[in-house]
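Peer 1: Sequence and predicted structure, then a few things I'm wondering about:
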Amino acid sequence: SAMFGTKVAVIGAGYVGLTTAACLSSLGHQVVCADVDREKVDALSRGEATIREPGICELVVDGLASGRLEFVLGASAAVSEASVVILCVPTPMGATGAADLTTLEFVVAEVRELLPPGCVVVNKSTVPVGTAARVAKLIDRADVAVVSNPEFLREGAAVHDFLNPDRIVVGSADRDPAPARRVADLYGKLDTSVLVTDSASAEMIKYASNCYLATRLSFVNTVAELCEYLDASIDDVTLGMGYDQRIGKSFLRPGPGWGGSCLPKDTFALLRTAESAGSDFALLRAAIETNLKQQDLVVDKVRKAVGGELAGARIGLLGLTFKAGTDDLRDSPALAVAGRLAAEGAELFGYDPGVHAPVPGVTDGVRITGTAYHAADGAAAIVLLTEWPEFRALDWARIADRLDGRSVIDTRNLLDPLVVAGTGLSYQGI
Ligand code: UGA
């Protein structure tokens, strides 16, 4: 039977940590969430969400009001009464492409002696296979179990994904069922499949899932390129493929390449892991290379659209974030394309509903405009790079008036080609 009201400590109030803390408190658990950033802790304690995610603010406010959610400064302040300690600290890509575990190891060293006897330490960060075992060694206490419990949240749908998971994966050393059950019970109210396995397999499930998704998109983007060559429609092709239940309908949309804070980092990391294991993951390497080539293909299209010479050409960009519904610019394919256009001397004006000011070191080379129409002013071409639904509803006649050239390049196949062409513009999708 499911156990509720478990005392949980969540270490890290970033994207995954805050979502985990807020959602677990909404499921009835008693949650203390720690972060090293005082301003963040203060803002959260006042009920202000520090990440942009639908539903998160309400959960934080409700959690604080119910007394089931509390924010504290520093990991040590959170763990003393916890029966489950969930580590949600960043594991960025290190210099070699492998995940950097400095923060994780630092937190483990900080709390190891403070952990109450019998508690379970859960690793939720995406970490190389073998990390749970390494953390168990670092903690080195017979009375504390270490479990791996990867998350599969999408940015922009994190609360929804947490509360409606496709599966819960729990990996424990030697598949020890007792600590695994304690962690699985945290999600007892949710109707979903629970897979209990060893910790290395749980860690691999996370990497294999993200790398599979990335490979799938590289496959689709290459089929899209072939479709252009053969005069076939990629949208119809993926629709037709998706009816096959073994393939499924989702994650088949072509674009300017995949990006974000997870797919690029995790594909590189697994490639490195394979290398260290003496194996060549040629398929994954090809998926990464194909993704870079995809950006070249977009740049080629734009160059052609402006008559072969990007130097001095004014280009309007629609969308800068790595996908719609977020303000996240990390590893954004839109910015990668922008960087290549700028390197060839194009003058870039960009509009994104999630980006209201330039971000130094990130959006350099793109002048941020307040509306899509301003991005179009005097431009030789408009390039749509992120699939914000509102771009479909733009007044394309107005854009046509303000453009200097005639080209609209839609790298997400988002717009209605007939509407755009109806204004006299020349529409090109993927
Ligand atoms: C991804 C995974 O989807 C989550 O399951 C996982 O938990 C998360 O990484 C993580 O490891 O934390 P996310 O980074 O939020 O989630 O982004 P996705 O929605 O997966 O999109 C990734 C990229 O693929 C974006 O650039 C997006 O535009 C692109 N994409 C996605 C396509 O080009 N076509 C599609 O059909 C779907």
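Peer 2: Right, received. Where do you want to start?
Peer 1: which residue ranges form the strands in the stretch 251-400 of the chain?
Peer 2: Assigned by DSSP state E, counting those that start in this stretch, the strands in the stretch 251-400 of the chain fall at 314-318, 347-351, 366-368, 381-384.
Peer 1: of all those, which lies closest to the ligand?
Peer 2: The ligand lies closest, by C-beta to the nearest ligand atom, to one member of these: strand 381-384, at 12.3 Å. Placement of C-beta: from N, CA and C, glycine included.
Peer 1: right, is that closest one up against the ligand?
Peer 2: No: using C-beta under 6 Å from any ligand atom, strand 381-384 stays clear of the ligand, with a minimum separation of 12.3 Å.
Peer 1: Alpha carbons only: can I get that strand in PDB?
Peer 2: Output of strand 381-384 as PDB, limited to C-alpha atoms (Å, rounded to 0.1, in the frame of the first residue of the first chain):
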ATOM      1  CA  ALA A 381      14.100  37.200 -45.900                       C
ATOM      2  CA  ILE A 382      12.200  36.000 -42.800                       C
ATOM      3  CA  VAL A 383      13.400  32.800 -41.200                       C
ATOM      4  CA  LEU A 384      11.100  31.000 -38.700                       C
END
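Peer 1: switch to numbering from 44
Peer 2: Let's use 44 as the start, then, which means that last one is strand 424-427.
Peer 1: What pairs with it, parallel or antiparallel?
Peer 2: Strand partners for strand 424-427, identified by DSSP bridges, are recorded as strand 357-361 (parallel), strand 450-453 (parallel).
Peer 1: Can you add mean neighbour count and give these back as CSV?
Peer 2: Listed next are the strands paired with strand 424-427 as CSV, based on neighbours: other C-beta atoms under 10 Å:
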stretch, mean neighbour count
strand 357-361, 26
strand 450-453, 23
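Peer 1: give me the residue from the stretch 44-193 of the chain nearest the ligand.
Peer 2: Counting by C-beta to the nearest ligand atom, the stretch 44-193 of the chain gets nearest the ligand through T169, at 5.8 Å.
Peer 1: any idea how far that residue is from P133?
Peer 2: Separation of T169 from P133 (C-beta to C-beta, to the nearest Å): 10 Å.
Peer 1: Of those two, give the one with the bigger neighbour count.
Peer 2: T169 (21 against 17; other C-beta atoms under 10 Å).
Peer 1: Just to check, the more buried one is in contact with M247?
Peer 2: No: counting by C-beta atoms under 8 Å, T169 stays clear of M247, with 11.2 Å between them.
Peer 1: all helices of the stretch 194-343 of the chain, in order?
Peer 2: Using DSSP state H, counting those that start in this stretch, the helices of the stretch 194-343 of the chain run over 201-206, 220-229, 242-273, 277-285, 306-319, 325-348.
Peer 1: between the third one and helix 220-229, what angle do the directions make?
Peer 2: Using axes from the mean of the first three to the mean of the last three C-alpha atoms, to 10 degrees, one finds that helix 242-273 and helix 220-229 are set 50 degrees apart in direction.
Peer 1: and helix 242-273, does that touch the ligand?
Peer 2: Yes: part of helix 242-273 sits near the ligand under the criterion C-beta under 6 Å from any ligand atom, namely N253, L256, L260.
Peer 1: again with the shortest one
Peer 2: No: counting by C-beta under 6 Å from any ligand atom, no contacts exist between helix 201-206 and the ligand, the nearest distance being 7.4 Å.
Peer 1: Which positions in that helix come out as buried?
Peer 2: Buried residues in helix 201-206, counted by 16 or more other C-beta atoms under 10 Å: A201, V202, D204, F205, L206.
Peer 1: cool, and stretch 246-258?
Peer 2: Neighbour counts over stretch 246-258 (16+ other C-beta under 10 Å) mark E246, M247, I248, K249, Y250, S252, N253, C254, L256, A257, T258 as buried.
Peer 1: For that stretch, give me every contacting residue.
Peer 2: Outside stretch 246-258, the residues within contact range by C-beta atoms under 8 Å, 6 or more residues apart in numbering are 169-175, 191, 193, 195, 212, 214, 238, 240, 294, 301, 305-307, 309-310, 312-313, 316, 326-327, 330-331, 334.
Peer 1: I'd like the C-alpha coordinates of it written as CSV, please.
Peer 2: Taking Å, rounded to 0.1, in the frame of the first residue of the first chain, the C-alpha atoms of stretch 246-258 are listed here in CSV:
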residue,chain,number,x,y,z
GLU,A,246,20.9,5.5,-15.3
MET,A,247,21.2,4.0,-18.7
ILE,A,248,17.4,4.2,-19.3
LYS,A,249,17.7,8.0,-19.0
TYR,A,250,20.6,8.3,-21.5
ALA,A,251,19.2,5.8,-23.9
SER,A,252,15.8,7.5,-23.9
ASN,A,253,17.2,11.0,-24.7
CYS,A,254,19.7,9.6,-27.2
TYR,A,255,17.0,7.6,-28.9
LEU,A,256,14.8,10.8,-29.2
ALA,A,257,17.8,12.7,-30.6
THR,A,258,18.6,10.0,-33.1
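Peer 1: roughly how far out does that stretch sit from the chain middle?
Peer 2: Centre-to-centre, stretch 246-258 and its host chain are 13 Å apart (C-alpha atoms, centre = their mean, to the nearest Å).
Peer 1: Just give the nearest non-adjacent residue to R95, would you?
Peer 2: Leaving out its chain neighbours, the residue that sits closest to R95 by C-beta to C-beta, 6 or more residues apart in numbering is D370, at 5.5 Å.
Peer 1: contacting residues for R315?
Peer 2: Contacts for R315 (C-beta under 8 Å, 6+ apart) come out as T139, G140, A141.
Peer 1: residue contacts, A152?
Peer 2: A152 neighbours (C-beta under 8 Å, 6+ apart): L181.
Peer 1: Make sure it is indeed in a helix.
Peer 2: Yes: looking at A152 with DSSP: H, G, I helix; E, B strand; the rest coil, it is inside a helix.
Peer 1: Against L144, how distant is it?
Peer 2: Between A152 and L144 the computed distance is 12 Å (C-beta to C-beta).
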